[in-house]
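S.K.: okay, predicted coordinates and the sequence, questions at the end:
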Amino acid sequence: MSQLAFLGLGRMGLPMAKRLLAAGHALQVWNRSPLACQRLLKECDDTQSKRLKMCESAHEAINNASVVFTMLSDGPAVTEVLFGSEVGPHCSGVASAMMPGACVVDMSSIPPATARMHFQRLKGLGGSALDAPVSGGVVGAEQGTLAIMAGGEASRVAELTPILSALGRVTFVGPAGSGQLAKLANQIIVGVTIGAVAEALMLAAQGGADPVAVRAAIRGGFAESRILELHGERMLTQNFVPGGAIQTQLKDLTTALAEARESGLQLPVTGLLQQLFADANEHGDAGLDHSALLRELARLNGREPESILSGPRKD
């Protein structure tokens, strides 16, 4: 199997790396905090651990790797790892040290313009790149069922699909930057739908209906969605352990609005939801699951977040 590098073992990156190991690939990994590498090793069986190399630097991890995966926090983090802090045509990051013809598969969520810049710079160095952000959360990463939105050269996507299929379903969506545009579209739909589910359950509870029964009643109809299924349940049980965090949702909606302005578009619904997520972030919920937007809507209505789905105010 291929020699791969994986840079970034966070909440999503670690289970994705495990899936690649389980598929039989040799994997060289690096993370800013070495604790994540140690955790990956502990979660591997003996066979997988023989194909795993934990590296002290990103440069060590990309040595002899034909495919370099990045799963980092944002655009600046990816740029720094790939190209260092230099702005000129030469770079001090890992891109200059990759083997000839190697491909960077960036699965982070970054601005489309940044993805296009990375593509051009890597092409100039004799390499290639795909921007391939994902949707499906930690559960999808663990189960290998992520939706992978791939931008770049169609031939490269086809070539790497057998590797990427260990992580989920791959769809080629267009030239460089298109994967990030698809991810922004995904995040708009996710964010707006979370807001709609939260408001709908609040309205039902405030009027005296049982929100648990209401959710059950409308499932299977036109309102059915993964958000109603999974995040509706989170809201009802007040389980906001993060899959996708509020701060991440805010970052992506902010990027979507910036991209819209560059394109001459107005996205008023997205703008309203972005402000609500910004308020939730400001009020201390940044690290909670994005379904915790319910808490911000409770505050907006002068209610305690824990009681907003329990029925009308008693005082």
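M.R.: Sure, I can see it.

S.K.: residue boundaries of the helices in the stretch 51-200 of the chain?
M.R.: 58-61, 75-83, 112-124, 137-143, 154-164, 178-206 (DSSP state H, counting those that start in this stretch).

S.K.: list the buried residues in the last one.
M.R.: Within helix 178-206, the residues that qualify as buried by neighbour count (16 or more other CB atoms under 10 Å) are 178-184, 186-188, 190-198, 200-202, 204-206. The way it works is simple: take the backbone N, C-alpha and C, and place the C-beta from them, glycine included.

S.K.: the fourth one too?
M.R.: In terms of neighbour count (16+ other CB under 10 Å), helix 137-143 has its buried residues at Gly137, Val138, Gly140, Ala141, Glu142.

S.K.: how about those in JSON lines, adding distance to Gln274 and pLDDT?
M.R.: Output for the buried residues of helix 137-143, formatted as JSON lines (distance: CB to CB, whole Å; pLDDT from 0 to 100):
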{"residue": "Gly137", "distance to Gln274": "20", "pLDDT": "88"}
{"residue": "Val138", "distance to Gln274": "23", "pLDDT": "90"}
{"residue": "Gly140", "distance to Gln274": "24", "pLDDT": "94"}
{"residue": "Ala141", "distance to Gln274": "25", "pLDDT": "96"}
{"residue": "Glu142", "distance to Gln274": "29", "pLDDT": "96"}
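
S.K.: closest one of the residues you listed to His283?
M.R.: Distance to His283, by CB to CB, is smallest for Gly137 among the buried residues of helix 137-143, at 23.0 Å.

S.K.: which helix or strand contains Ser310?
M.R.: Ser310 is part of no helix or strand when elements are defined by DSSP states H and E.

S.K.: spit out the contact partners of it.
M.R.: Counting by CB atoms under 8 Å, 6 or more residues apart in numbering, Ser310 makes contact with Ala205.

S.K.: over to Ile148?
M.R.: By CB under 8 Å, 6+ apart, the contact set of Ile148 is Met107, Ala132, Pro133, Val134, Leu164, Leu167, Gly168, Arg169, Val170, Thr171.

S.K.: looking at those residues, state which has the most neighbours.
M.R.: For these, the largest number of neighbours (other CB atoms under 10 Å) sits with Ala132, at 31 neighbours.

S.K.: with adjacent residues omitted, what lies nearest to that one?
M.R.: Distances taken as CB to CB, 6 or more residues apart in numbering place Ala150 nearest to Ala132, at 4.5 Å, with adjacent residues excluded.

S.K.: same thing with Val241?
M.R.: Nearest to Val241 is Asp289, by CB to CB, 6+ apart, at 6.4 Å.

S.K.: next, give phi and psi for the one you found.
M.R.: Phi and psi for Asp289, reported as degrees, to the nearest 10, are phi -60, psi 150.

S.K.: hang on, isn't it packed against Gln247?
M.R.: No - Asp289 lies out of contact with Gln247 (CB atoms under 8 Å); the separation is 10.9 Å.

S.K.: the two: which is more packed in?
M.R.: Per other CB under 10 Å, whichever of Asp289 and Gln247 has more neighbours is Asp289, with 24 against 18.

S.K.: so the more buried one bridges to which residues?
M.R.: Ala245 (DSSP bridges).

S.K.: quick check: it vs Gln238, distance?
M.R.: 11 Å (CB to CB, to the nearest Å).

S.K.: cool, Gly126 as well?
M.R.: From Gly126 to Gln238 the distance is 52 Å (CB to CB).

S.K.: go on, Gly195?
M.R.: Distance, Gly195 to Gln238, using CB to CB: 17 Å.

S.K.: before we move on, what SS does Val29 have?
M.R.: On the three-state scheme (DSSP: H, G, I helix; E, B strand; the rest coil), Val29 is labelled strand.

S.K.: in the stretch 51-200 of the chain, where is pLDDT below threshold?
M.R.: 85-92 (pLDDT under 70).

S.K.: 90 instead, please
M.R.: Where the stretch 51-200 of the chain drops to pLDDT under 90, the residues are 85-92, 137, 139.

S.K.: try the stretch 201-315 of the chain
M.R.: 243-244, 311-315.

S.K.: if we use 50, what do you get?
M.R.: Counting by pLDDT under 50, the stretch 201-315 of the chain contains no low-confidence range.

S.K.: helices of that one, start to end?
M.R.: For the stretch 201-315 of the chain, the helices defined by DSSP H, counting those that start in this stretch cover 211-218, 226, 232-237, 246-263, 268-280, 293-300.

S.K.: in the third one, which residues are buried?
M.R.: Taking 16+ other CB under 10 Å as the basis for neighbour counts, the residues of helix 232-237 that come out buried are Gly232, Arg234, Met235, Leu236.
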